[in-house]
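>>> can't give you the sequence, but here's the structure:
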């Protein structure tokens, strides 16, 4: 028990990093995903093509590789040099936005043409139609899939250890190696389970709140 | 009054109709009948401003209607076959949203208007329900109230009796006649001949009377 208390501060310190990556990624990738989804519905072939290549790359390569590439690769190629944390968050935002864009795209496809027509004959502008009629329905439709990704993000955030960021997983690794015990890993597992449980409950609550209509 | 002059529409080399001329006096009900696939809905979508016409013009109450397919006003109120109500909003909000957002009516004014229209159509008890809780006939009356809330120059209906039982159909007939008494100009596309007979001052057979080139 004393041992647990002794390593808990460093684990909680790592938890802060996990929260930081998690929160900033959601904040950046949800809006970006929406923009990409809108671009995927554009009439411009070039724009659609670029977005499809972007999504293909982001979904077609491991996130771990992407983090390494953005942090080390871009710096080696003298394209851009990011601090560790910024590199990690940027990669996560780009990666998750691609997944979110695909989810939103499906959500938009599920909206019947009749909703657009209904709004148009009442004189709503395209922006008003999007904001008041379409977006609320898309939000409801995509919420279960978004919830899935949110839980994935909690766990994926552990990948930042690869560029030396001190998140929860890395804090556990260090303690386990130093003290030659599996106890830190058990604690780390429990903390991740707690985080994903909270994320799941919050997402279910949001889903439940949107369930007042069909 | 609605005046349609030399209206034409074709898809590729398939002419849907050609040089269609039509006058619908204010307060009258015109039924457009004919079998499905003949172009009635295409015609209605052009009247509604949802599809562009190739040629011709339409004048509603002395003002031309945009026929480019990019109409921005709500001078033609449309009641769709599937109603196209907004599922996330209550019945009342379905009716008040456009007056508030598009016409910038004050919330209280829009609310009063919505309540008045819905009560007039026998929906006082349903105002705070959601579309999924309503029957087909009730949804349709909400769609009518929603269109009327924008104070359009006319109403256009697409197959208003499809999917309705006899009782609901009678209710639609009552509503259309009630609106006619109040002076609403109405154009109804339907393949239901007894229904057309019950509501219309005039019937246009889209299959026989319309030129197809």
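Nice, I can see it. What you see is a predicted model, and the numbers here were worked out from it, not measured in a lab. Residues are numbered from 1 along each chain as shown, chains lettered A, B, ... in the order given.
>>> Isn't residue A:161 up against residue A:171?
No. Assessed by C-beta atoms under 8 Å, residue A:161 is found out of contact with residue A:171, at 9.3 Å. C-beta here means a position set from N, CA and C on the backbone, and glycine is covered the same way.
>>> Which one's more surrounded, these two?
For residue A:161 versus residue A:171, the count of surrounding residues by other C-beta atoms under 10 Å in any protein chain shown is larger for residue A:171: 27 against 22.
>>> OK, now which residue of chain B is nearest to chain A?
For chain B and chain A, the shortest gap (C-beta to the nearest C-beta) falls at residue B:84, measuring 3.3 Å.
>>> For that residue, which residues are in contact?
By C-beta atoms under 8 Å, 6 or more residues apart in numbering or on different chains, the contact set of residue B:84 is A:112, A:114-115, A:117-118, B:143.
>>> what secondary structure does it sit in?
Following DSSP: H, G, I helix; E, B strand; the rest coil, residue B:84 is assigned to coil.
>>> again with residue B:151
coil.
>>> Could you say which helix or strand holds residue A:6?
Per DSSP states H and E: residue A:6 is located in helix A:2-40.
>>> what's that helix packed up against?
helix A:45-60, helix A:84-109, helix A:135-156, helix A:168-179, helix A:183-209 (3 or more C-beta pairs under 8 Å, 6 or more residues apart in numbering or on different chains; DSSP states H and E).
>>> Neighbours of the residue of chain A found nearest chain B, how many?
Chain B sits closest to residue A:118 of chain A, with a gap of 3.3 Å, by C-beta to the nearest C-beta. By other C-beta under 10 Å, the residues close to residue A:118 number 25.
>>> For chain B, give me the ranges with low pLDDT.
Flagging of chain B using pLDDT under 70 yields the residue ranges B:213.
>>> quick one: the helices in it?
Listed in chain order, the helices of chain B (DSSP state H) span B:40-48, B:91-101, B:107-120, B:136-148, B:166-181, B:193-199.
>>> wait, doesn't residue B:89 sit right on residue B:97?
Yes. Under the criterion of C-beta under 8 Å, residue B:89 makes contact with residue B:97 at 6.3 Å.
>>> Show the pLDDT at residue A:14.
We have a pLDDT of 89 for residue A:14.
>>> Not counting sequence-adjacent ones, nearest residue to the residue nearest to the spatial centre of chain A?
When C-alpha atoms, centre = their mean is applied to chain A, the residue found nearest the centroid is residue A:96 (4.3 Å). Spatial nearest neighbour of residue A:96, chain neighbours left out: residue A:29 (3.8 Å); criterion: C-beta to C-beta, 6 or more residues apart in numbering or on different chains.
>>> Share the number of residues neighbouring that neighbour, please.
With other C-beta under 10 Å as criterion, residue A:29 counts 24.
>>> Make sure it is actually in contact with residue A:92.
Yes. If you go by C-beta under 8 Å, residue A:29 and residue A:92 touch, sitting 7.2 Å apart.
>>> What count of nearby residues applies to residue A:132?
Counted by other C-beta under 10 Å, the residues lying close to residue A:132 total 17.
>>> and it, what is it in contact with?
Residue A:132 neighbours (C-beta under 8 Å, 6+ apart): A:119, A:124, B:97, B:101.
>>> Three-state assignment for the first one, please.
What it means is residue A:119. Taking three-state DSSP, the label given to residue A:119 is helix.
>>> coming back round to it: can you flag the weakest of the helices and strands packed on helix A:2-40 by average pLDDT?
Among the helices and strands packed on helix A:2-40, helix A:168-179 scores lowest, at a mean of 91.
>>> buried stuff in that helix?
Buried residues in helix A:168-179, counting neighbours by 16 or more other C-beta atoms under 10 Å in any protein chain shown, are found at A:168-176.
>>> I'd like to know which of those is nearest to residue A:189.
Using C-beta to C-beta, residue A:172 comes nearest to residue A:189 of these, at 8.6 Å.
>>> The closest one is in contact with residue A:185, isn't it?
Yes. Shown here, residue A:172 and residue A:185 form a contact pair, counting by C-beta under 8 Å, at 5.6 Å.
>>> How about residue B:65, nearest residue that isn't a chain neighbour?
Take residue B:65 and drop its neighbours on the chain: the residue closest to it by C-beta to C-beta, 6+ apart is residue B:58, 4.4 Å away.
>>> From residue A:184, how far off is residue A:3?
If you measure residue A:3 against residue A:184 using C-beta to C-beta, to the nearest Å, the figure is 9 Å.
>>> What residues does chain B have near chain A?
By C-beta under 8 Å from any C-beta of the partner chain, the residues of chain B that approach chain A are B:48-50, B:71-74, B:76-78, B:80, B:82, B:84-88, B:97-98, B:101-103, B:130-132, B:146-147, B:150.
>>> Please list the residues of chain A that sit near chain B.
A:112, A:114-115, A:117-125, A:128, A:132-133, A:136-137, A:140, A:212-214.
>>> go with 7 Å
Residues of chain A lying close to chain B by C-beta under 7 Å from any C-beta of the partner chain are A:114-115, A:117-118, A:120-124, A:128, A:132-133, A:136-137, A:213-214.
>>> Just the buried residues of these.
Among the residues of chain A next to chain B, the ones that count as buried by 16+ other C-beta under 10 Å are A:115, A:117-118, A:120-124, A:128, A:132-133, A:136-137, A:213.
>>> picking up where we left off before, tell me which two of the residues of chain A next to chain B sit farthest apart.
Farthest pair in those (C-beta to C-beta) is A:123 and A:214. Separation: 26.7 Å.
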